[in-house]
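Colleague: Dropping a prediction and its sequence here:
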Protein chains: 2
Amino acid sequence: MKKVYLAGPDVFWPNAKAAGAAKVTLCAEYGLQGHFPLDTELDLSGLTPYEAGLAIYRANLHLMDDSDLLIANMTPFRGPSMDVGTAFEMGYMAARRKPVWGYTLDGRLYSDRVNQPTDGCDEQGDAVEQFDMADNLMMIGAINDSNGQLIKAKDEQSLEHHLKVFRALLETITA
Amino acid sequence: MKKVYLAGPDVFWPNAKAAGAAKVTLCAEYGLQGHFPLDTELDLSGLTPYEAGLAIYRANLHLMDDSDLLIANMTPFRGPSMDVGTAFEMGYMAARRKPVWGYTLDGRLYSDRVNQPTDGCDEQGDAVEQFDMADNLMMIGAINDSNGQLIKAKDEQSLEHHLKVFRALLETITA
């Protein structure tokens, strides 16, 4: 049974545990074992916040090492781009030559999400990538070159909608 | 001579080429060879924007594979977190068990940068990491566990200041 690392800012949601459990259940329906980062149920008692962060980092690396592929929720998070922790994980799996898949509930191109008061540049004067890609080229390159896919769906932030899109992705992966 | 991959949103700056060249020059001063992502001078003529993005992705992977360590500019970019492309690259190098170093011109903790109208949660109700870390735990974990360091400096966005902090990092790396 192939194991899937479930990356995304879902771990920060108020309903993170339920969301993770629902994704894991859907994976099972498609013959896959889902690894949700909150699954590890680490004992963080007695650790400083910094040490707790490190323990979670190590647990996540262990889960990725144990996974055969990654599915990322790439919906923009606290800005025009996706969650940076998820971006890190996509890079980690790409380096291990494992397939990287993703979905986003913002179907726009990155260049259509960043305000560009002057031609091709943001308010700070920094260039905005114009590669007809949904986010930074490192992420899209990793998906493309690992034969993954990025599913773009409408912006509706309910858990139900996330799971519907996630199911469509599982359908494609296992087709 | 050790090779350093120079990661960061510097490639989007109006003075990207000059910034990259200056960092490479500083690396040489410390006996290191700097790889700046713009160095490759790819011929992108005839490619669609999407294909050009992929070509840059592949060139960056090649540069990382050829590098012994990574230095990331982790200064927040278009939001409370660092650039996602740089985050991806830190994950990539971490997976290859190569040392990851960083600097940021925002010395605050991540939890001090995100507005939290309700206790520990942002405006959307999503939890804000409280690990006394400068950014998402995946990045800080990678730096910590590869025996790298993160240098925090004052917020002054001139190239001169960036280079001063960058030099301090090189000093530490080669000490």
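Modeller: Arrived safely.

Colleague: pLDDT value on the residue lying farthest from the centre of chain A, please?
Modeller: The C-alpha centroid of chain A is most remote from residue A:118, which lies 30.9 Å away (C-alpha atoms, centre = their mean). Here, the pLDDT recorded for residue A:118 equals 89.

Colleague: Now it: closest residue in space, sequence neighbours ignored.
Modeller: residue A:125 (7.4 Å; C-beta to C-beta, 6 or more residues apart in numbering or on different chains). In short, each C-beta sits where N, CA and C put it, glycine included.

Colleague: go on, residue A:69?
Modeller: residue A:99 (4.3 Å).

Colleague: Contact partners for the most centrally placed residue in chain A?
Modeller: Chain A has residue A:72 as the residue nearest its centroid, 2.3 Å off, counting by C-alpha atoms, centre = their mean. Contacts of residue A:72 were listed using C-beta atoms under 8 Å, 6 or more residues apart in numbering or on different chains, and they are A:7-8, A:82, A:86, A:89-90, A:100-103, A:139.

Colleague: Can you spell out which helices and strands pack onto the helix or strand hosting residue A:143?
Modeller: Assigned by DSSP states H and E, residue A:143 belongs to helix A:137-145. When contacts are defined as 3 or more C-beta pairs under 8 Å, 6 or more residues apart in numbering or on different chains; DSSP states H and E, helix A:137-145 sits against helix A:84-95, strand A:100-104, helix B:49-65, helix B:84-95.

Colleague: what about the second one, near chain B?
Modeller: Spelled out, that is strand A:100-104. No - Strand A:100-104 stays clear of chain B (C-beta under 8 Å from any C-beta of the partner chain), getting no nearer than 10.1 Å.

Colleague: Same question for the first one.
Modeller: Yes - with C-beta under 8 Å from any C-beta as the measure, helix A:84-95 is seen reaching chain B through A:84-85, A:87-95.

Colleague: Quick check on residue A:2: phi, psi?
Modeller: Per-residue torsions, residue A:2: phi -70, psi 140 (degrees, to the nearest 10).

Colleague: What's the local residue count around it?
Modeller: By the criterion of other C-beta atoms under 10 Å in any protein chain shown, residue A:2 has 14 neighbours.

Colleague: ok, back up a step: can you say which helix or strand has the residue nearest to the centre of chain A in it?
Modeller: strand A:69-73.

Colleague: where does that strand sit relative to the chain's centre, distance-wise?
Modeller: With C-alpha atoms, centre = their mean, to the nearest Å as the basis, strand A:69-73 stands 5 Å off its chain's centre.

Colleague: who does it pair up with?
Modeller: Strand pairing for strand A:69-73, determined by DSSP bridges: strand A:2-7 (parallel), strand A:100-104 (parallel).

Colleague: pLDDT below threshold where in chain A?
Modeller: A:39-40 (pLDDT under 70).

Colleague: on that earlier part again, can you redo the helices and strands packed on helix A:137-145 as CSV with distance to residue A:172 and mean neighbour count?
Modeller: Formatted as CSV, those follow (distance: least, C-beta to C-beta, whole Å; neighbours: other C-beta atoms under 10 Å in any protein chain shown):
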stretch, distance to residue A:172, mean neighbour count
helix A:84-95, 18, 29
strand A:100-104, 8, 24
helix B:49-65, 20, 18
helix B:84-95, 23, 29
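
Colleague: Distance to residue A:36 added to these, as TSV?
Modeller: Converted to TSV, those look like this (distance: least, C-beta to C-beta, whole Å):
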stretch	distance to residue A:36
helix A:84-95	12
strand A:100-104	15
helix B:49-65	28
helix B:84-95	18
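
Colleague: which one of these lies closest to residue A:144?
Modeller: Nearest to residue A:144 among the helices and strands packed on helix A:137-145 is helix B:49-65; the distance by C-beta to C-beta comes to 5.9 Å.

Colleague: Tell me the helices and strands packed up against that closest one.
Modeller: helix A:137-145, helix B:84-95.

Colleague: relative orientation of that helix and helix B:84-95 in degrees?
Modeller: Per axes from the mean of the first three to the mean of the last three C-alpha atoms, to 10 degrees, the angle that helix B:49-65 makes with helix B:84-95 is 40 degrees.

Colleague: Now do residue A:138 against residue A:62, distance only.
Modeller: 24 Å (C-beta to C-beta, to the nearest Å).

Colleague: same check, this time on residue A:150
Modeller: 26 Å.

Colleague: what's the most distant pair in the contacts of residue A:72?
Modeller: A:89 and A:103, at 14.7 Å, using C-beta to C-beta across the contacts of residue A:72.

Colleague: circling back to that earlier point, for the helix holding residue A:143, give me every contacting residue.
Modeller: A:72, A:74, A:82, A:87, A:90-91, A:93-94, A:100-102, A:129, A:131, A:133-134, A:148-150, B:50, B:53-54, B:56-58, B:60-61, B:84-85, B:88-89.
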